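**Student:** Prediction below, plus the sequence it came from.
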Amino acid sequence: MTFFDPRRAAAVARKEVMHILRDPFTLVLVLGLPVVLVVFFGFAIDFDVKNLSLGVYDRDNTRYSRQVASVFGSSGYFLTEGAAGPAQAARGLDSGRYAAALVIEPGFGRDLGRGGPASAQFIVDGTDNSKAQAVLGYLPGITAAALRKTGRPAPADPAPLVTRYMYNPELNSRWFVIPGLAVIIIGLLSILMTALTVAREWENGSMELLLSTPLRPAEIIAGKIAPYVALVLAGVFFVNMVARFGFGVPFRGSHALFLSGTLLFALACLSQGIVISVATRQQQLAMQFSMISGLLPSLLLSGFIFPVESMPAFFRYFTMILSPRWFMEAARGITIRGAGAADLALPLLALAALCLLLLSAAFKKFKTDLEP
């Protein structure tokens, strides 16, 4: 007697395919929803800080001061608005109307024309530290552009550093966001698919019928997972088409390597859904546990928003048990950097280990917990 019969697993898979075909909502959920969400949030989520309101109080009111203010307005990062006085600029910062204020002191144009140091004050609202840091990052480039416009060269640097951005020369945040967003959405839907479908069979009583047959738990799980692996891979394909042709995200790596990583990630997430469904056996509970375990940790601890390297030591180690954390690294590395298998050995091995661990947990739960 063999432990696993592929023909029996294929019979369970055919049954699951028939169920999927009778339920168009599942097809729409797996194939359509990731594309819609990636398009929607791909436009909505943008880490590039733009169109910031800038209050300008020009106490000098000379040609030089007006040129400097115009450079800020034409940079694309600021929307300038004249302030009648320092009190109005301060009130604008207090009320949140201004993200920053530029105060140009009297004698600015005279000093600039003489080649001496010119005095201006740039005040930033530090309530949102990420926005404030972005604003301060724009300041050197805008200042240099303003000096060039006034005809005065930027001061010479005794040891100039030439900055070059590899892989993403324009620092387009969508190249960073879209692959990560796809990982979050595909992972969550993969967990939900198996968690809800298997939990529904527990509620309907059909799972007990399957378990009462000669079918082994491994054959049932393989048959349940196989159709959803195909659906997830199809969903990933459509998402990548949207990312590449809709958002201009490059793909510089190996398609075979990306497919291998996606397959490991899909199996890990689908196995997690099986474990949740066996433990809960109720669709409502399965959905709640899927959202709790599949959304928040993936969103906050996978490196999608916050770098894993910047987290406290406990959370850096905790993220190692999250499959999105590893596939996030692999997907971005393959897509943007063109990383190879040797470069991504650790993330791929971690995904394989998590996949085996979750599959083993699903097998064990089926074996030891057949009764409610």
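**Tutor:** On my side now, so go ahead.
**Student:** contacts, neighbours, all on C-alpha from now
**Tutor:** OK.
**Student:** secondary structure class for residue 221?
**Tutor:** Assigned with DSSP: H, G, I helix; E, B strand; the rest coil, residue 221 falls in the helix class.
**Student:** shaky segments in the stretch 251-372 of the chain?
**Tutor:** 366-372 (pLDDT under 70).
**Student:** Quick one: the strands in the stretch 1-150 of the chain, in order.
**Tutor:** Along the stretch 1-150 of the chain, counting by DSSP state E, counting those that start in this stretch, strands occupy 52-58, 78-82, 100-104, 120-124.
**Student:** What are the contacting residues of stretch 279-299?
**Tutor:** The contact list for stretch 279-299 (Cα atoms under 8 Å, 6 or more residues apart in numbering) reads 184, 187-188, 191-192, 195-196, 198-200, 202-203, 273, 276-277, 304-305, 322, 324-325, 365.
**Student:** From the residues you listed, keep the buried residues only.
**Tutor:** Buried members of the contacts of stretch 279-299, counted by 16 or more other Cα atoms under 10 Å: 184, 187-188, 191-192, 195-196, 198-200, 202, 273, 276-277, 304, 322, 324-325, 365.
**Student:** the domain parsing of the protein - what is it?
**Tutor:** Per automatic domain parsing, the domain ranges recorded for the chain read 11-45+172-368, 52-149.
**Student:** Would you mind finding the most buried of those?
**Tutor:** Ranked by mean neighbour count under mean count of other Cα atoms under 10 Å, the domains of the chain are led by domain 11-45+172-368, which reaches a mean of 19.
**Student:** Skipping adjacent residues, who's closest to residue 239 in space?
**Tutor:** In this structure, residue 239 finds its nearest non-sequential neighbour in residue 35, 5.3 Å apart by Cα to Cα, 6 or more residues apart in numbering.
**Student:** related to what we said a few turns ago, how about the strands of the stretch 1-150 of the chain in JSON lines, adding mean pLDDT and distance to residue 291?
**Tutor:** Formatted as JSON lines, these follow (pLDDT from 0 to 100; distance: least, Cα to Cα, whole Å):
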{"stretch": "strand 52-58", "mean pLDDT": "86", "distance to residue 291": "35"}
{"stretch": "strand 78-82", "mean pLDDT": "85", "distance to residue 291": "38"}
{"stretch": "strand 100-104", "mean pLDDT": "85", "distance to residue 291": "39"}
{"stretch": "strand 120-124", "mean pLDDT": "83", "distance to residue 291": "38"}
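**Student:** top helix in this protein by residue count?
**Tutor:** For the chain, the longest helix by residue count, based on DSSP state H, is helix 173-204.
**Student:** what's the distance between that one and the middle of its chain?
**Tutor:** Helix 173-204 sits 14 Å away from the centroid of its parent chain (Cα atoms, centre = their mean, to the nearest Å).
**Student:** repeat for stretch 140-149
**Tutor:** For stretch 140-149 - counting by Cα atoms, centre = their mean - the centre lies 33 Å from the chain centre.
**Student:** show me the contacts for the closest residue to residue 55 other than its chain neighbours.
**Tutor:** Spatially, and ignoring its direct neighbours in sequence, residue 55 is nearest to residue 101 (4.5 Å; Cα to Cα, 6+ apart). Going by Cα under 8 Å, 6+ apart, residue 101 touches 54-57, 89, 93, 122-124.
**Student:** again, only using 6 Å
**Tutor:** Listed by Cα atoms under 6 Å, 6 or more residues apart in numbering, the contact partners of residue 101 are 54-56, 122-123.
**Student:** now, which of those sits nearest residue 138?
**Tutor:** Residue 138 lies nearest to residue 122 out of the contacts of residue 101, by Cα to Cα, at 12.1 Å.
**Student:** Specify the beta-bridge partners of the residue lying closest to that closest one once chain neighbours are set aside.
**Tutor:** The shortest distance from residue 122 to any non-neighbouring residue, by Cα to Cα, 6+ apart, is to residue 102 (4.7 Å). Going by DSSP bridges, residue 102 is paired in beta bridges with residue 56, residue 122.
**Student:** pretty sure residue 102 is touching residue 124, no?
**Tutor:** No: here residue 102 lies out of contact with residue 124, judged by Cα atoms under 6 Å, at a distance of 8.9 Å.
**Student:** measure residue 235 to residue 30 for me?
**Tutor:** 6 Å (Cα to Cα, to the nearest Å).
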